[in-house]
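A.B. asks: Quick one, fold the following:
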Amino acid sequence: MNFKIKVISFAVAVLIGISGCGIIQKETTEGKIIDGKEVIAVVNGEKILKSDFDRQVKQVKSALEANGQDFSTDEGKKNLKEMKEKVLESMIKDVLALQQAKKQNVTLKPNQLEEAESQLEAYHGGKDALDNYLKQQGLDRKTFEKVLKDQLIINNLKEKLTSDVKVTDEDVKKYYESNKDMFKLPSPEIRASHILVATEEEAQEILAQIKAGKDFAELAKKYSIDPGTKDKGGDLGYFGKGTMDPEFEKVVFSLKQGEVSQPVKTKFGYHIIRVTGERTSLSFDDVKDYIKKNLESSRKDEEFNKYLDEWQKQSKIEKYL
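C.D. replies: Residues are numbered from 1 along each chain as shown. Have a look, this model is predicted:
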């Protein structure tokens, strides 16, 4: 789970939700002192602290501002109020989910917190880098671990309650056929294989074998010095212009499908290149796993939101916003 991405994704959702809102609402005082603590809401007797609310508002506000949202105008102030309401609603739903998780004995899996924390450290570039990011977000390690733990438990509860949600191959195919424009590429891409060697003499010898009918992939496995493609028969996959060495790219985009180049010199050595495909959009096989994962995630979210709505109806909730 990526805490940073979660915040940004929520921020973008809020931005979409508040755009075009024309309702002007009267300013109200935020928060209420209960038992000596400043509280923004109470959910079934459980307090949501205003300090936690303010921190989340700050995170979402920063993400929205980075996407061009201006909160200094009259329209921006309306949007800020709407955003705060959405943040509070999200926090209330988290509390409801955690209360249900406790009732249903849903907890962390073994080592789940440690593994998630380790993944986040790797994503940010190490422990110190993550600490610096947390500091920017107004979080210390203890608070961060509490937030992360809560989100993992909520995810575990969602998985438990939505385990029956399935996406069939037919669903995936139907989505692809109905949304083909989504998978068009901004510019054509080429698929190619290459054999990389150190000298032009070696390249010419291998080229002679290819012309004599030897299998390109087998020759790549035998002779290529590129460790990233050698075992794959030299396959580089699909790529567009601007991603390869200029000399390599100049030749590869001049070849037709199935053609093999003369030796091409780059800073890496000498290449023999064969074009194996070209495309202007992603095929069904390219995206079927992506579609299935996203459809399943979307449907699980919809199902879990039904539970949240029901829990909300059954709960006593006080808001001070």
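A.B. asks: can we go C-alpha only for contacts and neighbour counts from here?
C.D. replies: Fine.
A.B. asks: How about the helix or strand that Lys174 is a member of, which residues are buried there?
C.D. replies: Taking DSSP states H and E as the definition, one finds Lys174 inside helix 169-178. By 16 or more other CA atoms under 10 Å, the buried positions in helix 169-178 come out as 172-173, 176.
A.B. asks: Closest one to Lys316 out of the residues you listed, please.
C.D. replies: Using CA to CA, Val172 comes nearest to Lys316 of the buried residues of helix 169-178, at 40.4 Å.
A.B. asks: still on that earlier bit, got a list of contacts for the helix holding Lys174?
C.D. replies: Under the contact criterion CA atoms under 8 Å, 6 or more residues apart in numbering, helix 169-178 has outside partners 284, 288, 291-292, 295.
A.B. asks: which residue ranges form the helices in the stretch 101-250 of the chain?
C.D. replies: 112-124, 127-136, 141-161, 169-178, 200-211, 216-223, 246-252 (DSSP state H, counting those that start in this stretch).
A.B. asks: And the strands in the protein, which stretches?
C.D. replies: In the chain, the strands defined using DSSP state E lie at 32-34, 37-43, 46-49, 184-197, 235-239, 264-266, 269-281, 317-319.
A.B. asks: hang on, the earlier thing: can you put the helices of the stretch 101-250 of the chain in CSV and add distance to Thr266 and mean pLDDT?
C.D. replies: Listed next are the helices of the stretch 101-250 of the chain as CSV, based on distance: least, CA to CA, whole Å; pLDDT from 0 to 100:
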stretch, distance to Thr266, mean pLDDT
helix 112-124, 33, 94
helix 127-136, 36, 90
helix 141-161, 47, 95
helix 169-178, 40, 97
helix 200-211, 11, 97
helix 216-223, 17, 97
helix 246-252, 6, 96
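A.B. asks: okay, those, which one's buried deepest?
C.D. replies: helix 216-223 (a mean of 18; mean count of other CA atoms under 10 Å).
A.B. asks: for that helix, packing partners?
C.D. replies: strand 184-197 (3 or more CA pairs under 8 Å, 6 or more residues apart in numbering; DSSP states H and E).
A.B. asks: List the buried residues for stretch 53-69?
C.D. replies: Neighbour-count burial for stretch 53-69 [16+ other CA under 10 Å]: 53, 56-57, 59-64, 69.
A.B. asks: average pLDDT across that stretch?
C.D. replies: Mean pLDDT, stretch 53-69: 92.
A.B. asks: same deal with stretch 253-271?
C.D. replies: 96.
A.B. asks: switch to numbering from 56
C.D. replies: Sure, I'll start counting at 56 from here, so that last one is stretch 308-326.
A.B. asks: okay, how far is it across that stretch, tip to tip?
C.D. replies: 14 Å (CA to CA, to the nearest Å).
A.B. asks: buried stuff in that stretch?
C.D. replies: 308, 310, 312, 315-316, 318-320, 324-326.
A.B. asks: Also stretch 334-351?
C.D. replies: Result for stretch 334-351 [16+ other CA under 10 Å]: buried residues 334, 336-337, 339, 343, 346-347, 350-351.
A.B. asks: now those in a markdown table, with distance to Glu257 and pLDDT?
C.D. replies: A markdown table is the format used below for the buried residues of stretch 334-351 (distance: CA to CA, whole Å; pLDDT from 0 to 100):
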| residue | distance to Glu257 | pLDDT |
| --- | --- | --- |
| Arg334 | 32 | 95 |
| Ser336 | 37 | 96 |
| Leu337 | 36 | 95 |
| Phe339 | 39 | 96 |
| Lys343 | 41 | 97 |
| Ile346 | 44 | 97 |
| Lys347 | 46 | 97 |
| Leu350 | 50 | 97 |
| Glu351 | 51 | 97 |
